[in-house]
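A.B. asks: task: produce atomic coordinates for the following.
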Amino acid sequence: MRLWCPLFVVSSVILAAQSQNSAELSSHDEPAVFKSRVNLVTVPVVVRDGQGHAVGNLHKEDFQLFDKGKVQVITRFSMETPGHAAPAATAESVDAAGTTTAQNPTSEPAPVIPQRYVAYLFDDVHTDYADLVRARDGADRHILATLSPIDRAAVFTTSGQGNLDFTEDRQKLHDALMKLRARPIARNLAAQCPNITYYMADILVNQNDPQLLQALISETIDCEGLAGQGLQQMAQSTVQSTAQQVLQAGNQETHVAYTVITDVVRRISAMPGQRMIILASPGFLTLDDERYEESQVIERAVHSNVIINALDARGLYTLSPMGDISQPSVNPQAAIIKSSYMTAEASATSSVLAELADGTGGTFVQNTNDLTGAFGRLGSPPEYIYVLGFSPQNLKLDGSFHRLKVTLKPGMKLTLQARRGYYAPRHAADPAEAAKQEISDALFSQEELRDLPVQLHTQFFKSSDVDAKLSVMAHLDLKGMQFRKADGRNNDQLTIVAGLFDNNGNFLKGSEKTLTLHLLDQTLASHLQSGVTVRTSFDVKPGTYLVRLVVRENEGQQMAAASGSVEIP
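C.D. replies: Got it, this is the predicted structure:
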C-alpha cells in the first residue's frame with residue numbers, strides 16, 4: 001500500500017507590467033530550465049568525541065573522502081544542525097479595514113507552527129508479535145513524555161495496515177500503536193519441515209552450499225520420518241522446493257519493506273520542517289538484487305534532508321547453538337551446522353539498519369531491552385551533521401556500486417559514521433527535472449536560504465467571517481544576481497514559488513511564477529535601487545497557516561527561501 005504524498009500545484013501567473021517595460025520585465029507559462037549540478041554525490045557524516053557527543057567545529061580541510069579507494073575533491077561542504085529548533089517567523093496582516101499590523105513575538109505570541117516531524121515506522125512484516133509489543137510500548141511511553149506543541153508524529157507499518165498520518169493528538173497515536181500486529185508475508189513457511197530461513201534459502205539456491213544442503217536433508221529425513229529406498233532424493237527434493245518458496249517470499253518481504261520506507265521518506269519530505277524516521281525492525285536481509293533499492297532509499301532521504309534512525313526491535317538477544325527454542329530441531333547435528341548460518345544471518349539483517357542510519361546521518365540502537373530509552377536516543381537527532389559533496393570524474397552510467405570511505409586528519413581522536421556507498425546512475429539526469437526537484441525540496445523545508453536577498457511579507461483581508469484573501473509578497477533585491485549581458489540587455493530568469501501549509505504542516509496550495517528579466521542598463525540601475533516585488537494571493541478560511549517562499553535564479557543558480565506564519569481569526 002502506497003502512502004499519499006501531496007504535490008504542490010504549479011500555476012504560472014502573468015505579471016502586469018507597464019507598457020514601456022513590457023519587453024524588459026515579463027512572465028510566461030513555460031517551465032524554467034536551469035543549469036543543474038549533475039552527478040553530485042552527497043555524504044552525511046556525524047563526528048563524535050570520546051564521550052559520544054557530536055562535534056561541530058570541523059572544516060572541509062579536516063575531511064578526506066574516497067570513492068572506490070580514490071581520493072575525491074570535496075566540492076560542497078556544509079554543516080547542518082538538526083538538533084536545534086528553527087527560529088519563529090513573523091508576518092504582517094491586514095484587517096477588514098485595511099490596517100497593517102505586525103505579529104511581534106515580544107508583544108503577541110506568534111502562531112504555533114510545527115517544526116519537527118517524526119515518522120514511527122514499524123516493520124510488522126519481519127518483527128514477531130512479542131518484539132513488536134515491546135517496541136510499541138516503548139514508543140508509546142516516549143511519545144507521551146516528549147511530544148511538544150511544535151512536534152507532529154505519525155505511525156506507519158511496512159504492511160501498510162493501521163497507518164496514522166502526522167498529528168499532535170496523543171490519543172490517536174496511542175490508539176494506532178495499540179493496533180499493531182505482526183503481519184508476515186511468509187506466515188506458514190517458518191513452521192515447515194525443514195525449517196529454512198531466507199538467508200539459508202539464498203545460500204542454497206543462489207550459492208549451492210553443499211554443507212547446508214546435507215544438514216537440511218538430514219533434518220528433513222528425521223522430521224518427516226522418511227524410510228525406505230530413495231529417501232535421500234526425496235528429502236533433497238523437499239529441501240530444494242521449500243528453499244525456492246522461502247526465497248520468493250523473502251524477496252517479496254524485502255521489496256515491500258523498501259517500497260514502504262521510500263513512501264514514508266516521500267511523505268515526510270512534503271512536511272515543512274525537521275524530518276526524522278524511526279524504523280523499528282529486527283532487520284531484513286538485502287540480497288545483491290535489492291541493494292540498488294537500498295541505495296535509492298538513502299539517496300532520496302539524503303536529498304530531502306530526512307534522517308533515518310533505526311532500532312533493532314529484537315532487544316537484547318542471543319542465538320542458541322541448538323536453534324530457536326520455539327522450533328526445536330529433531331537432528332542435533334543439523335542444528336549445530338545451521339546455527340553458524342543463523343549467526344551470519346543475524347549480522348546481515350541488522351547491518352541493513354546500520355547502513356540506513358549511517359547513510360542518512362542517523363543513529364542505530366541495538367542489543368538493549370530499554371526500548372523506551374532507545375526511542376529517547378533516537379528521537380534526539382545529532383546536534384551536527386556534516387554534508388560532503390563531490391562530483392565523480394568519468395562516472396560510468398552502469399549502475400555499479402561505489403564504496404565510500406571518509407577519514408579525518410591524522411591525530412584527531414574522534415569517531416565518525418558516514419554513508420558507506422552509492423550506486424552509479426543508469427542514465428544521465430535531466431537538468432530541467434533536477435532543477436524542479438531542487439525547488440520542490442526547498443519549498444518543503446524550513447531551511448533559510450540566503451543566496452539572494454529576499455524579504456517575505458504576508459497580508460490578509462477578511463471579506464466575511466468565513467472568507468479571507470491572503471497575499472504573499474516577495475521583495476527581491478537584484479544586487480546579488482548574476483545577469484548575462486547579450487544584445488545590450490541584462491538577462492536572467494527568476495522562479496518564485498509560494499506554498500501554503502496548515503497547522504499540521506500539510507500542504508494546501510501553491511503557486512509558481514516565472515519572471516524573465518531582459519533589462520536595459522538604465523532600467524537595471526533603477527531596479528537595483530528599488531528591487532522588485534512579486535505578489536501571490538490565496539483564498540483561505542480562518543486558521544493558522546505556514547507560508548513558504550522559494551526563489552531560484554537561473555544564471556547564477558542561486559536560491560533564497562524564507563518562512564512566515566499568519567493567523568487569520
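
A.B. asks: what are the ranges of the helices in the stretch 151-300 of the chain?
C.D. replies: All helices of the stretch 151-300 of the chain, identified by DSSP state H, counting those that start in this stretch, fall at 170-178, 198-207, 210-224, 231-269, 291-303.

A.B. asks: which elements pack onto the third one?
C.D. replies: Counting by 3 or more Cβ pairs under 8 Å, 6 or more residues apart in numbering; DSSP states H and E, the packing neighbours recorded for helix 210-224 are helix 198-207, helix 231-269, helix 332-360. Backbone N, C-alpha and C define where each C-beta goes, glycine included.

A.B. asks: buried stuff in stretch 122-137?
C.D. replies: F122, D123, D124, V125, H126, T127, D131, L132, V133, R134, A135, R136 (16 or more other Cβ atoms under 10 Å).

A.B. asks: what average pLDDT does stretch 156-171 get?
C.D. replies: For stretch 156-171, mean pLDDT is 94.

A.B. asks: kindly export it (C-alpha atoms) in CSV.
C.D. replies: Extracted in CSV, the C-alpha atoms of stretch 156-171 (Å, rounded to 0.1, in the frame of the first residue of the first chain):
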residue,chain,number,x,y,z
PHE,A,156,3.4,3.7,9.6
THR,A,157,3.8,0.0,9.1
THR,A,158,5.6,-2.0,6.4
SER,A,159,2.4,-4.0,5.9
GLY,A,160,0.5,-0.8,5.1
GLN,A,161,-2.2,-1.6,7.7
GLY,A,162,-3.1,0.7,10.6
ASN,A,163,-1.3,3.8,9.3
LEU,A,164,-1.9,7.2,11.0
ASP,A,165,-0.8,10.4,9.3
PHE,A,166,1.0,13.2,11.1
THR,A,167,-0.9,14.6,14.1
GLU,A,168,-0.4,16.2,17.6
ASP,A,169,-3.2,14.1,19.1
ARG,A,170,-1.6,11.7,21.7
GLN,A,171,-4.7,9.6,22.0
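
A.B. asks: now render the helices and strands packed on helix 210-224 as CSV, adding mean pLDDT, mean neighbour count and distance to R420.
C.D. replies: Formatted as CSV, those follow (pLDDT from 0 to 100; neighbours: other Cβ atoms under 10 Å; distance: least, Cβ to Cβ, whole Å):
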stretch, mean pLDDT, mean neighbour count, distance to R420
helix 198-207, 91, 20, 20
helix 231-269, 89, 19, 16
helix 332-360, 87, 19, 6
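
A.B. asks: nearest to V547, of the ones you listed?
C.D. replies: Distance to V547, taken as Cβ to Cβ, is lowest for helix 231-269 among the helices and strands packed on helix 210-224, at 18.8 Å.

A.B. asks: what angle sits between the closest one and helix 332-360?
C.D. replies: Interaxial angle, helix 231-269 versus helix 332-360 (axes from the mean of the first three to the mean of the last three Cα atoms, to 10 degrees): 20 degrees.

A.B. asks: helix 231-269 - contacts with which helices or strands?
C.D. replies: strand 116-122, strand 151-157, helix 198-207, helix 210-224, strand 274-281, helix 291-303, strand 306-312.

A.B. asks: how many other residues sit next to F460?
C.D. replies: Counted with other Cβ atoms under 10 Å, residues neighbouring F460 total 23.

A.B. asks: the helix or strand harbouring it pairs with which strands, parallel or anti?
C.D. replies: Assessed by DSSP states H and E, F460 sits inside strand 454-462. Partners of strand 454-462 in the sheet, by DSSP bridges, are strand 468-476 (antiparallel).

A.B. asks: could you give the mean pLDDT of the strand it pairs with?
C.D. replies: Strand 468-476 comes out at a mean pLDDT of 90.

A.B. asks: please enumerate residues in contact with that strand?
C.D. replies: Strand 468-476 is contacted by residues 452-463, 494, 496, 498, 500, 531-542, 545, 547, 549, 551, 560, 564, 566, 568 when judged by Cβ atoms under 8 Å, 6 or more residues apart in numbering.

A.B. asks: can we see that at 7 Å?
C.D. replies: For strand 468-476, the external contacting residues (Cβ atoms under 7 Å, 6 or more residues apart in numbering) are 452, 454-463, 496, 498, 531-540, 542, 547, 549, 551, 566, 568.

A.B. asks: same question for stretch 301-309.
C.D. replies: Residues outside stretch 301-309 that contact it (Cβ under 7 Å, 6+ apart): 42, 44, 82, 265, 268-269, 275-279, 356-357, 360-363, 378, 381, 441, 445.
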